[in-house]
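*Asks:* okay, here's the prediction I keep looking at, along with the sequence it came from:
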Amino acid sequence: MKKLFNTKVIVIKKKFIYISIIIFIIVLSITTLLAFNNTFSFALELDKKSFFTIDVDTTLDIITKSDEKKAYLTFDDGPTTKATTKILDILKEENVKATFFVVGKHVKENPEIVKREHDEGHYIANHGYNHNNKLLYKNMDSFRNEIIQTDLEISKATGINNYSSHIFRFPNGYMSHVYTSKKKEALNVLSNLNYVYVDWNCLNKDSETKYSNTQLLNNLKKSAKNKGTLIVLMHDTADVNKTYNVLKDSIDYLKSQGYLFSTFYDFIKI
């Protein structure tokens, strides 16, 4: 009888061990899955039904009036094979999300890069199809078609039906003194498409003239001085300067100043 009792105890202990192992594996799997998702994908599937948590008739430049230490890294004019992938590698290493203002014709040329941008949690915003002011402002139908065409290419690249980025950046910025009257007219088109536009309040001047990496970083520091929330303009083209060579140092500097990084997903409700 004593031997039988010992056998039962051993069986019970084995069952307890097996159950414990199974529970441990389940918990470990869930934890790993959550960690993987948090690390590699924060992407939302934007479409035409998505809407803003702010008035669509305003601009996102209102956020630059905030004293909150938040930095929105933005990259214009891509995607390109010579720069965008390098920038994505650095952003992944630094666990920083950014916003890419893509040009439609380049999306068509490099759809796999846009797919990666989206899958890794970055915001894909609209910068027109040709980056050619004469074509963009030919008339308001042309302006509207460039936005729709670019969103269509993003849809194809990401596999998201009816993609709409809801955010537009005028080539050269709305603040520039070119095509001023056309831009004012274009605001109605944007509003009808449930779009807002955004400029910037911080830049490293990487598209203006040739700078050393130290000069690029100093340009950013000077531009960010005494400001709260930053919308940082950079480019992922490498036409004039190779911003990816100074990106890590730029991120490190902003972190040292207490900035947290974010994207324009902040203002979208699905």
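*Replies:* That came through, no problem.
*Asks:* any idea how far Gly104 is from Asn139?
*Replies:* Asn139 sits 18 Å away from Gly104, going by Cβ to Cβ, to the nearest Å. For the C-beta atoms, the positions are set from N, CA and C on the backbone; glycine is no exception.
*Asks:* which one's more surrounded, these two?
*Replies:* The neighbour comparison of Asn139 against Gly104 (other Cβ atoms under 10 Å) goes to Gly104, with 22 against 11.
*Asks:* tell me the pLDDT of that one.
*Replies:* At Gly104, the model reports a pLDDT of 98.
*Asks:* what sits against it?
*Replies:* Shown in contact with Gly104 (Cβ atoms under 8 Å, 6 or more residues apart in numbering): Asn126, Gly128, Tyr129, Asn130, Glu146, Gln149, Thr150, Leu152, Glu153.
*Asks:* all strands for the stretch 101-250 of the chain, in order.
*Replies:* 123-126, 167-168, 196-197, 202-203, 230-235 (DSSP state E, counting those that start in this stretch).
*Asks:* which strands and helices sit next to the first one?
*Replies:* Using 3 or more Cβ pairs under 8 Å, 6 or more residues apart in numbering; DSSP states H and E as the contact criterion, the secondary-structure elements in contact with strand 123-126 are strand 99-102, helix 111-119, helix 140-158, strand 167-168.
*Asks:* per-residue pLDDT, Ile26?
*Replies:* For Ile26, pLDDT reads 46.
*Asks:* what's the answer for Asp61, then?
*Replies:* At Asp61, pLDDT is 89.
*Asks:* so how far is Ser223 from it?
*Replies:* For Asp61 relative to Ser223 (Cβ to Cβ), the value is 15 Å.
*Asks:* same deal with Glu109?
*Replies:* Note on Glu109: its distance to Ser223, by Cβ to Cβ, is 31 Å.
*Asks:* which one of the two is surrounded by more residues?
*Replies:* Ser223 (17 against 13).
*Asks:* I'd say the more buried one and Asn204 touch.
*Replies:* Yes - in this structure Ser223 lies within contact range of Asn204 using Cβ atoms under 8 Å: 7.2 Å.
*Asks:* between the helices and strands packed on strand 123-126, which one is nearest to Leu247?
*Replies:* strand 99-102 (13.3 Å; Cβ to Cβ).
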